[in-house]
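*Asks:* pasted the sequence and its predicted model underneath.
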Amino acid sequence: MSSELISALSDLAAERGIDQLAVLERLEQDLARSYKGILDLDWDAQVTIDRESGRIFVYEMVGIGEEDPETGEYEDYEPRDVTPENVSRIAAQNAKRVINEIVHDFDTLPCVNFGSKPRVGVVGEILVKFHPTANNQIVQIIEEEGCEANVPGLVDFFLFGMLNPAFRHQELTPNLKKYVGAKGVVAFFEKLRDPVRKALAASERFEPIMHIEDIAQGASDIIDLGNTMGEGWLLTGEMVELVKEGTPNIVCCQPFACLPNHVVGKAVIKEMRRQYPQSNIVAVDYDPGASEVNQLNRIKLMIAVAFNNQKEQAEEQAAQVMDRVEEDAARA
């Protein structure tokens with residue numbers, strides 16, 4: 001970490017209404033659990049991130065006094081500094097190993113007819129997209145209908161917010177400090193995602209995650225990057241990303257009367273279909289008063305089109321194979 005990252009997190013917290021202190025405290029707790037295992041400590045670890053420099057300090061909390069026979073707690077705990085010189089490198093190496101093991105485990109899982117199901121992407125307003133109650137269990141519905149659900153991750157939403165100051169510097173109000181900070185923090189987090197990206201690129205079943213700036217580039221062909229309200233250009237960019245990665249069937253989840261979501265989601269479907277004719281997108285409104293039957297019918301209709309498109313594609317590929325076989329036979 002660095003002071004530039006702390007500064008960028010502060011700007012992001014102010015812009016998006018996020019409690020920066022709570023984020024840092026949660027990060028410290030997660031790092032403490034990781035370092036206890038990495039350093040093979042006998043006692044619990046405590047991690048402190050300097051709020052100005054961004055430096056990481058690791059302490060082993062050694063029990064002092066007598067142990068309570070009922071709770072197992074001690075009278076007090078004394079912090080013992082166990083911060084390794086290469087604290088960041090040790091954590092990175094351990095993370096890379098775990099990532100590669102996870103990808104390998106999923107790559108070697110036995111599968112039947114892998115890739116035979118239509119893939120259906122889920123995008124939309126951040127709460128409705130991820131919360132099963134808000135979207136009426138849409139992932140479960142997609143899977144029960146015989147499809148594979150593909151939900152873009154949450155990290156891109158935060159990187160989207162971090163990248164916006166760079167756009168404002170270029171197009172609206174110049175602010176070199178915020179521009180450099182935004183570019184720096186995005187580059188920092190993208191570097192953290194590189195081990196995941198490399199592991200997925202080497203995988204036989206998965207595609208590597210895209211850089212947030214590549215997503216922005218894809219979105220810019222459909223909508224202006226000045227659209228930053230709500231999910232902004234990220235929602236459009238995720239739809240472009242899904243189509244390019246082989247998931248042309250998409251459900252765009254939106255709260256009823258959510259204007260930003262209608263602008264960057266529902267309103268771009270026509271242009272998406274023009275630029276990507278294979279896209280099969282449906283916008284679904286979610287609201288306590290909305291008809292769940294209507295939502296389900298719209299999703300099922302989109303899935304029926306997905307199966308039909310997949311069948312036509314398979315028939316076209318089979319015809320191409322037969323044509324090549326006949327051409328080879330004629331030459332022989």
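*Replies:* Looks like it arrived, so ask away.
*Asks:* can you name the next helix or strand after the helix or strand harbouring residue 106?
*Replies:* Residue 106 is located in helix 87-107, with elements delineated by DSSP states H and E. Where DSSP H and E defines the elements, the next helix or strand beyond helix 87-107 is strand 119-124.
*Asks:* tell me, what residue is most central in the protein?
*Replies:* Centre of the chain computed as the mean C-alpha position; nearest residue by C-alpha atoms, centre = their mean is residue 153, 1.9 Å away.
*Asks:* which one is it nearest to, not counting chain neighbours?
*Replies:* Nearest-residue entry for residue 153: residue 209, 7.1 Å, with adjacent residues in sequence omitted and distances by C-beta to C-beta, 6 or more residues apart in numbering. Using the backbone N, CA and C atoms, a C-beta is placed for each residue, glycine as well.
*Asks:* can you confirm the residue nearest to the centre of the chain is in a strand?
*Replies:* No: counting by DSSP: H, G, I helix; E, B strand; the rest coil, residue 153 falls outside a strand, being coil.
*Asks:* does it touch residue 212 like I think?
*Replies:* No: using C-beta atoms under 8 Å as the test, residue 153 is too far from residue 212 to be in contact (10.9 Å).
*Asks:* stretch 291-309: how far from the chain's middle?
*Replies:* 25 Å (C-alpha atoms, centre = their mean, to the nearest Å).
*Asks:* where does pLDDT dip in the stretch 1-150 of the chain?
*Replies:* When residues are selected by pLDDT under 70, those of the stretch 1-150 of the chain lie in 1-18, 87-94.
*Asks:* A helix includes residue 210, no?
*Replies:* No: judged by three-state DSSP, residue 210 forms no part of a helix; its state is coil.
*Asks:* leaving out sequence neighbours, find the closest residue to it.
*Replies:* Nearest-residue entry for residue 210: residue 241, 5.5 Å, with adjacent residues in sequence omitted and distances by C-beta to C-beta, 6+ apart.
*Asks:* so that neighbour makes contact with residue 211?
*Replies:* No: in this structure residue 241 lies outside contact range of residue 211 using C-beta under 8 Å: 10.5 Å.
*Asks:* between the two, which is the more surrounded one?
*Replies:* residue 241 (22 against 17; other C-beta atoms under 10 Å).
*Asks:* how near is that one to residue 228?
*Replies:* Separation of residue 241 from residue 228 (C-beta to C-beta, to the nearest Å) stands at 18 Å.
*Asks:* which parts of the stretch 101-250 of the chain are strands?
*Replies:* Secondary structure of the stretch 101-250 of the chain by DSSP state E, counting those that start in this stretch: the strands cover 119-124, 148-150, 249-255.
*Asks:* so which of those comes closest to residue 282?
*Replies:* Closest to residue 282 of the strands of the stretch 101-250 of the chain, according to C-beta to C-beta: strand 249-255, at 5.8 Å.
*Asks:* name the single longest helix found in the protein.
*Replies:* Criterion DSSP state H: the longest helix present in the chain is helix 292-331.
*Asks:* any buried residues in that one, and which?
*Replies:* 295, 299, 302-303, 306, 310 (16 or more other C-beta atoms under 10 Å).
*Asks:* ditto for stretch 120-134
*Replies:* Buried-residue list, stretch 120-134, by 16+ other C-beta under 10 Å: 120-126, 128-130, 134.
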